[in-house]
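S.K.: output the structure for:
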Amino acid sequence: MSTGTSKPRVIKDFEKLEPFLQEQIKLAYPYGFEDNLIHFYNKEGEKVLALPFETDEKYYMLRMSLVKAQELIEEDEDYDDEGNLKDDVKDEYESKYGDLDHMADYLADDESDDEDEGDDEEEER
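M.R.: Model prediction:
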């Protein structure tokens, strides 16, 4: 996922996004948000943590602290007790958004993560 310079950057809170964007973000980050936070400096020069998310039209930086990232997942019924997107929810969101161009990279990344996890298990045996 490259950040095209022609795309507008939007800095926003996750809770203030439209529900369809929240669903796409959950699909893009099915194992939670906290391990995917990055930092940037706002116009006042302050360091800010954010979750990046890119669509065909915009590049979002979703402001959230580490604690907030954990709370969002813990309080969201779409995630299980381990902080993973529930399989039935994931299937539903994939059928709704899987054909969107910007979701292809996220879904491909998720599949390679699954393959990596399998490799780890083999090494532990």
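
S.K.: what ranges do the helices span in the chain?
M.R.: For the chain, the helices defined by DSSP state H cover 19-28, 66-75, 87-97, 101-124.

S.K.: mind putting those in a markdown table, mean pLDDT included?
M.R.: Below are the helices of the chain laid out as a markdown table (pLDDT from 0 to 100):
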| stretch | mean pLDDT |
| --- | --- |
| helix 19-28 | 97 |
| helix 66-75 | 97 |
| helix 87-97 | 96 |
| helix 101-124 | 62 |
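
S.K.: okay, those helices, which one's buried deepest?
M.R.: With neighbours taken as mean count of other CB atoms under 10 Å, the helices of the chain reach their highest mean count in helix 19-28, at a mean of 18. C-beta: built from backbone N, CA, C; applies to glycine.

S.K.: what's in contact with stretch 30-45?
M.R.: 11, 29, 47-52, 61, 64, 66, 69-70, 72-73, 79, 83-85, 90, 110, 113 (CB atoms under 8 Å, 6 or more residues apart in numbering).

S.K.: oh, that last question was meant for stretch 8-21, not what I typed.
M.R.: So stretch 8-21 is contacted by 22, 25, 42, 48, 50-51, 53, 55, 57-64, 72, 97 (CB under 8 Å, 6+ apart).
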